[in-house]
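>>> This is a predicted model, with the sequence first.
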Amino acid sequence: MSVVRIGLLGFGNVGRAVARAADATRGELRARGLDAGVTCALVRDVTRARPAAAPAPPLVDDVEAFFARDHDVVVEVLGGVEPARTLVARALDRGIPVVTANKSLLAAHGPSLHALATDRGASLRYEASALAGVPFIDTLARRPLVASVSRLTAILNGTSHFVVSAMDRDRLPFADALARAQALGLAEPDPANDIRGADAAEKLVLLGALVGAPGLRPDAFESTGIDLLEPEDLPAARRLGGVIKPVACAAFAREAVRAFVGPAFVDNAHPLARLDGRLSGIRLEGPYTGDLFFSGPGAGPDVTAATLLDDVVETVTAARRGSGNGAHGLAGDAETRHAARTVAAPVTPWFTRVRFPDAPNPVFVAELLGAHGVWLRRHDRPVSDRDRGVWYALAEPCPRPRIERALAALEAATGAATCAIRALES
């Protein structure tokens, strides 16, 4: 029986969930010849009051005391870039395998940490970093033909998806839907990274590295927050043949990576349209695999902890087999299939909302937009008298500057307020 001593960096919600999962799955792990348990957790302040966790490992707030213990695997659940980077690097430098779900850390320092792990013969795994409960990163890391991706489209943030789904299903205002997510523990007290797209952009950087497009930066992507959505947008999208989802989309080519992050109209035939609630999903399109789709739970400490613990088991199993360090690849030392570092905005259809002071004249609106090179596929007006001044349309593909100029002209001519989000076709 191999005893696996897990050292935790951090003991917040996910850290406590890891401790619970290690205890709850002890029977299953022993059947595989493993006895895993959390032996120590490094925290900032041992005196701070914490929710009860059964079992509760010893807590230390001294880095030297933490590393003085024997750890077979270190699981990092601190979040953020520092001090996570320093502590993870220290563990790897000592040859200790590391498992993490920290997409911020990986987006900022993934290649250098991977290089350090390789140099020290250690392991760096992060299956839970992109879609918490969807095991697909290992597939990309191990199978080069599967990872020859020309386009990926995904719901990467389970929190924002839960909020948009609640707005859609229950016609809740954004603030109320967000409050529900926070009450359920799916959103942080400060949810800015989730609702404004920063979390999804960091995950897109990580995924780009896995499919051979390293060196991307989260701030290079066009990012839009879900807080611009209004409750009536969701039923309007359904009347136009789709749904609104918080998505990340990237098309990879040698000349540029065309990408965006934000809420988008998704055609009903698209596989992402079928997902609801906290589910996440990713569609991969490539020359060798055609169309692949993975989906599963994308938010919550318990599912993240289960995936982290799976990575611990994979790490130990790989070491017992003597099959290398078992690290996920983070392009940098891997083949670079998409050499371009330029990030450009894609040309897409557009889902538009126009709120007029009075009932709109559809013919006038279509002619004015057409004069600016924006052509409509179909349009719709809400049926309720309360929303009689609101008008929706799905426009043909065009660059963002063109749709913005056309809507600005419409605002100037009519006094309307406008909003446009991108649209995805099936």
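Received it, and whenever you're ready, just let me know what you need.
>>> CA only for contacts and neighbour counts going forward, please
Noted.
>>> which regions of the protein lie under the pLDDT threshold?
1, 52-54, 144, 146-147, 299, 321-341, 382-388 (pLDDT under 70).
>>> Let's see that with 50 instead.
331-334, 385 (pLDDT under 50).
>>> Is Val250 bridged to anything, and to what?
One correction, residue 250 is Ala, not Val. Leu152, Ala259 (DSSP bridges).
>>> need the contact list for it.
Residues in contact with Ala250 (CA atoms under 8 Å, 6 or more residues apart in numbering) are Arg151, Leu152, Thr153, Val257, Arg258, Ala259, Phe260.
>>> Restrict the helix ranked longest in the chain to CA atoms and write it as PDB.
Scanning the chain for the helix with the most residues, using DSSP state H, yields helix 301-321. Presented in PDB, the C-alpha positions along helix 301-321 are these (Å, rounded to 0.1, in the frame of the first residue of the first chain):
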ATOM      1  CA  PRO A 301     -15.400  23.500  -4.800                       C
ATOM      2  CA  ASP A 302     -16.400  19.800  -4.600                       C
ATOM      3  CA  VAL A 303     -16.100  19.100  -8.300                       C
ATOM      4  CA  THR A 304     -12.800  21.000  -8.400                       C
ATOM      5  CA  ALA A 305     -11.500  19.000  -5.500                       C
ATOM      6  CA  ALA A 306     -12.400  15.700  -7.100                       C
ATOM      7  CA  THR A 307     -10.500  16.600 -10.200                       C
ATOM      8  CA  LEU A 308      -7.500  17.800  -8.200                       C
ATOM      9  CA  LEU A 309      -7.500  14.500  -6.300                       C
ATOM     10  CA  ASP A 310      -7.700  12.600  -9.600                       C
ATOM     11  CA  ASP A 311      -4.600  14.500 -10.700                       C
ATOM     12  CA  VAL A 312      -2.900  13.400  -7.500                       C
ATOM     13  CA  VAL A 313      -3.700   9.800  -8.300                       C
ATOM     14  CA  GLU A 314      -2.500  10.200 -11.900                       C
ATOM     15  CA  THR A 315       0.800  11.700 -10.600                       C
ATOM     16  CA  VAL A 316       1.500   8.900  -8.200                       C
ATOM     17  CA  THR A 317       0.400   6.200 -10.600                       C
ATOM     18  CA  ALA A 318       2.700   7.600 -13.400                       C
ATOM     19  CA  ALA A 319       5.600   7.700 -10.900                       C
ATOM     20  CA  ARG A 320       5.000   4.000  -9.900                       C
ATOM     21  CA  ARG A 321       5.000   3.000 -13.600                       C
END
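>>> Which residues does it contact?
Residues contacting helix 301-321 (CA under 8 Å, 6+ apart): 4, 13-15, 17-18, 21-22, 73, 75, 97, 99-101, 123, 125-128, 132-133, 135, 297, 324-326.
>>> change it to 6 Å
Val14, Ala17, Val18, Ala128, Ala132, Gly133 (CA atoms under 6 Å, 6 or more residues apart in numbering).
>>> Just the ones in helices from those, please.
Using DSSP H, the subset of these located in helices is Val14, Ala17, Val18.
>>> Nearest to Arg278, out of those: which one, please.
Val14 (16.5 Å; CA to CA).
>>> Tell me who's in contact with the closest one.
Shown in contact with Val14 (CA under 6 Å, 6+ apart): Pro301.
>>> Chain neighbours aside, what residue packs nearest to Ile274?
Just to correct that, residue 274 is Arg rather than Ile. Asn268 (7.6 Å; CA to CA, 6 or more residues apart in numbering).
>>> Settle this for me: the one you found is touching Gly242, isn't it.
Yes: using CA atoms under 6 Å, Asn268 makes contact with Gly242 at a distance of 4.5 Å.
>>> of the two, who's got more company?
Neighbour comparison, Asn268 and Gly242: the larger count goes to Gly242, with 22 against 19 (by other CA atoms under 10 Å).
>>> So in terms of bridging, what pairs with that one?
Bridge pairing for Gly242 - DSSP bridges - gives Asp267.
>>> What is the neighbour count of the residue nearest to Cys398 when sequence neighbours are not counted?
Take Cys398 and drop its neighbours on the chain: the residue closest to it by CA to CA, 6+ apart is Val347, 5.3 Å away. By other CA under 10 Å, the residues close to Val347 number 15.
>>> again with the one 4 residues further on
By other CA under 10 Å, the residues close to Phe351 number 26.
>>> right, and it touches Glu396 too?
No: counting by CA under 6 Å, Phe351 does not reach Glu396; the two are 9.4 Å apart.
>>> ok so, going back, can you report phi and psi for the residue nearest to Cys398?
Phi and psi for Val347, reported as degrees, to the nearest 10, are phi -100, psi 120.
>>> which ones are touching it?
Contacts of Val347 (CA under 6 Å, 6+ apart): Pro397, Cys398, Pro399.
>>> Quick one, which of these are buried?
Among these, the ones that count as buried by 16 or more other CA atoms under 10 Å are Pro397, Cys398.
>>> okay, the contacts of Val347 in CSV with distance to Asp380 and secondary structure next?
Compiled in CSV, the contacts of Val347 are given as follows (distance: CA to CA, whole Å; DSSP: H, G, I helix; E, B strand; the rest coil):
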residue, distance to Asp380, secondary structure
Pro397, 18, strand
Cys398, 20, strand
Pro399, 22, coil
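>>> Let me see the contact set for the residue nearest the centre of the chain.
Most central in the chain under CA atoms, centre = their mean is Leu156, positioned 2.8 Å from the mean C-alpha point. Listed by CA under 6 Å, 6+ apart, the contact set of Leu156 reads Leu131, Ala200, Ser280.
>>> Check the gap between the last one and Ala237 for me.
Using CA to CA, to the nearest Å, one gets 20 Å for the distance from Ser280 to Ala237.
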